[in-house]
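In: Pasting the sequence and the predicted coordinates here, then a few questions.
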Amino acid sequence: MANPLYDQLFGRHAGAQTPFLHLATGVTLTHDAFLRRAAQFAHVLAGTGLRPGDRLAAQIHKSPEALALYAACAQAGVVFLPLNTAYTAAELQYFIEDSGASLIVCDGASEVEMAEMASDLGARLAVLNADGTGSLAMAADGQPEMFDTADRGADDLAALLYTSGTTGRSKGAMLSQRNLLSNSEALVECWRFTDQDVLLHALPIFHTHGLFVATNVTLIAGGSMIFLPKFDAEEVLTRLPEATSMMGVPTFYTRLLDQPGFDRAAAAHMRLFVSGSAPLLAETHASFEARTGHAILERYGMTETNMNTTNPYDGARRAGTVGMPLPGVELKITDPGTGETLAQGEVGQIEVRGPNVFQGYWKMPEKTAEELRADGFFITGDLGLIDDQGYVQIVGRGKDLIISGGYNIYPKEIELVLDAQLGVCESAVIGVPHPDFGESVVAVLVAEKDAQPDMAQIEIAVGKELARFKHPRRMITLEALPRNTMGKVQKNVLRETYSAIFMQSESVE
Ligand code: MLC
Ligand code: AMP
């Protein structure tokens, strides 16, 4: 039966005794062993009653089994919904309810909490721990190691990835098989991936970057991955001599540069370093090249579109630019007011169209219509220009968004929590430069008249509601927020005022 995603990513390696995952433990898993485990998981999913098109939500640690669950979903035609391991129960509740996931897979540590939520929402629950144990693994043991791949088409949904919104409500981006496959194929070609590649994989696998860009590209090329549970600069340094390529967020590269042993010799076996998910400072690009001889290749993408542009493999990889559109992707710069296409060199909103662009937001037709035009162009919310050499430069964001260490944080979501606290009249959350995370979160609070907000209480409330990476690293109280004549809060003024607070302090938070 046809199932392009499974066939082209996974099925093509059936029976192959070639290496797929080199684990931190020293063990190497072959494609064949990986696919057999995935097939056993697929039997469990089908046996649990999941049918093609049903959603499976997974909040699990990075492991070969976690990746096999992604393969199992592809094989059983189940829509995969990976969730950041940092999300709190309050955050998870929304994703699971909104998606209507019928199976939740969680870590053993959160089983009790999740069991209650699952039963409230009428979903089943299974456990998959970082070491590959848990009820899902137990149910898979003894299942057949082959599974009849579900019949799916290129337009069928493969994954649902939630992205926060400027209104504070997250939206599920619907990604079809074609969206994922077309993008990985374009990237394999642009970045020259082959079956000889060994990708150093230290990204999380619950986001586009680690799951689709890194993993799918390796799978299509038939290469292997050094599959590390998380980014640790020292460990990455020791594994680099075995790798040919690496993908990371800018924080990976600044942290590597902080390692004294990171030099030309350490990177001598590498052919490619790719950066994305957040802006790479030109200064980091230059220091990296001076230290290693490698020009980092920067690309630009997002959850809704996968990758849109890339610097060239051959040719100048220009710092401060994200390169040219990928094959099959159209990109234009438009006037935010009129939607008219602007001339080369003018700054406007970046719009993209192509087989990479998602199918819309899950159960949100109005939101979809606001951002995805009828002619197929998606309004990214990023501001940029096309320079005289055809390279795209991102100059800012039309959306109120903070990117910290490659994670997106929407200020509105934090403001909603802060505003609800006793004694808080209003708040403004901003992103300011941070030496490690690129940007970090600062909250500015205005107290209600004659009230004294209890900061310790506020921190507790924030901790309960929001994932740790979203927490304000500084909270500042002001008499009033700066406003323009229209009454709109001037976040740019706040950003300017507090721009140096993380850069000048000796001890970085
Ligand atoms: C961890 N913390 C963060 C954070 N990551 N805080 C802010 N921003 C982050 N990104 C918290 C931890 O909970 C901890 O809290 C404290 O900060 C210090 O932790 P750490 O040990 O220094 O962090 P670490 O675990 O090393 O993680 C940092 C990181 C990680 C950069 C390695 O965040 C990471 O892997 N980021 C990659 C994100 C990513 O894959 N983005 C792709 C999105 S897809 P405490 O309690 O100790 O204070 C996309 C599309 C595209 O955007 O174009 O690719
Ligand atoms: P996400 O919603 O997590 O997929 O994040 C997508 C956003 O990350 C984009 O809309 C951009 O704002 C940002 N982004 C991704 N890659 C880059 C890059 N190379 N330079 C600047 N911003 C980037």
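Out: That came through fine. Numbers count the residues shown, from 1 in each chain. Ligands and ions are numbered 1, 2, ... in the order given.
In: Are we agreed that Glu439 is in a helix?
Out: No - going by DSSP: H, G, I helix; E, B strand; the rest coil, the assignment for Glu439 is strand, not a helix.
In: For it, give its distance to Tyr407.
Out: Distance, Glu439 to Tyr407, by CB to CB, to the nearest Å: 10 Å. For the C-beta atoms, the positions are set from N, CA and C on the backbone; glycine is no exception.
In: Please apply the same query to Leu372.
Out: Separation of Leu372 from Tyr407 (CB to CB): 24 Å.
In: Same check on Ser170?
Out: Distance of Ser170 to Tyr407, computed by CB to CB: 13 Å.
In: Over to Val493?
Out: 25 Å.
In: what do you get for Gly142?
Out: For Gly142, the distance to Tyr407 - CB to CB - is 39 Å.
In: Compare neighbour counts for these two and give me the winner.
Out: Tyr407 (19 against 8; other CB atoms under 10 Å).
In: what's across from Leu297 in the sheet?
Out: Val274 (DSSP bridges).
In: I'd guessed it sits against Tyr313; true?
Out: Yes - judged on CB atoms under 8 Å, Leu297 makes contact with Tyr313 at a distance of 7.0 Å.
In: More neighbours: the two, which one.
Out: Leu297 (22 against 14).
In: Let me see the confidence value for the more buried one.
Out: Leu297 carries a pLDDT score of 98 in this model.
In: With Gln504 instead?
Out: 72.
In: Double-check that it belongs to a helix.
Out: No - if the criterion is three-state DSSP, then Gln504 is coil and not within a helix.
In: now it: how far from Val446?
Out: On the measure of CB to CB, Gln504 and Val446 end up 25 Å apart.
In: cool, and Thr133?
Out: Note on Thr133: its distance to Val446, by CB to CB, is 49 Å.
In: Could you check which of the two has the larger neighbour count?
Out: Each of Thr133 and Val446 has its neighbours counted (other CB under 10 Å); Val446 has more, 17 against 13.
In: Now that one: which helix or strand?
Out: In this structure, Val446 sits in strand 438-447 according to DSSP states H and E.
In: which bits of this structure sit near ligand 1?
Out: Within the chain, the positions near ligand 1 by CB under 6 Å from any ligand atom are 203-204, 207-210, 230-231, 249, 251, 276-277, 301-303, 404-407, 437, 468-469.
In: Just the buried ones from those?
Out: Among the residues of the chain next to ligand 1, those buried by neighbour count (16 or more other CB atoms under 10 Å) are 203-204, 207-210, 231, 249, 251, 276-277, 301-303, 404-407, 437, 469.
In: Restricted to strands, list these.
Out: Members of those lying in strands (criterion: DSSP state E): 301-302, 404, 407.
In: out of the residues of the chain next to ligand 1, who's near ligand 2?
Out: 208, 276-277, 301-303.
In: Could you find which two of the residues you listed are furthest from each other?
Out: Largest separation among those by CB to CB: Gly276 and Thr303, giving 12.2 Å.
In: Where does the stretch 51-200 of the chain get nearest to ligand 1, which residue?
Out: Per CB to the nearest ligand atom, Ala86 is where the stretch 51-200 of the chain lies closest to ligand 1, at 6.3 Å.
In: let me fix that: the chain
Out: Ligand 1 sits closest to Gly405 of the chain, with a gap of 2.4 Å, by CB to the nearest ligand atom.
In: Find me the pLDDT at that residue, would you?
Out: 98.
In: For it, give me its contacts.
Out: Gly405 makes contacts with 249, 251, 278, 436-438, 469, as judged by CB atoms under 8 Å, 6 or more residues apart in numbering.
In: for Leu228, same thing?
Out: By CB under 8 Å, 6+ apart, the contact set of Leu228 is 24, 200-202, 235-236, 239.
In: Can I have the buried ones of these as a PyMOL selection?
Out: In PyMOL syntax, the buried subset of the contacts of Leu228 is picked out as below (16+ other CB under 10 Å):
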select buried, resi 200+201+202+235+236+239
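In: In strands, which of the contacts of Leu228 appear?
Out: 200-201.
In: Kindly reformat the contacts of Leu228 as TSV containing distance to Thr48 and pLDDT.
Out: Putting these into TSV (distance: CB to CB, whole Å; pLDDT from 0 to 100) gives the following:
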residue	distance to Thr48	pLDDT
Ala24	30	95
Leu200	35	98
His201	29	98
Ala202	32	98
Glu235	36	98
Val236	37	98
Arg239	37	98
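In: Looking at the contacts of Leu228, spot the one nearest Phe288.
Out: Nearest to Phe288 among the contacts of Leu228: Val236, at 13.7 Å, using CB to CB.
In: Would you mind listing the residues in contact with the closest residue to the closest one other than its chain neighbours?
Out: Spatial nearest neighbour of Val236, chain neighbours left out: Ala202 (5.8 Å); criterion: CB to CB, 6 or more residues apart in numbering. Residues near Ala202 by CB under 8 Å, 6+ apart: 228, 230-232, 235-236, 246, 248, 252.
In: with those in mind, which one is nearest to ligand 2?
Out: Relative to ligand 2, the closest of these is Gly248; by CB to the nearest ligand atom it sits at 11.5 Å.
In: Disregarding residues adjacent in the polypeptide, which is nearest to Glu479?
Out: The shortest distance from Glu479 to any non-neighbouring residue, by CB to CB, 6+ apart, is to Val446 (7.1 Å).
In: Sounds good, over and out.
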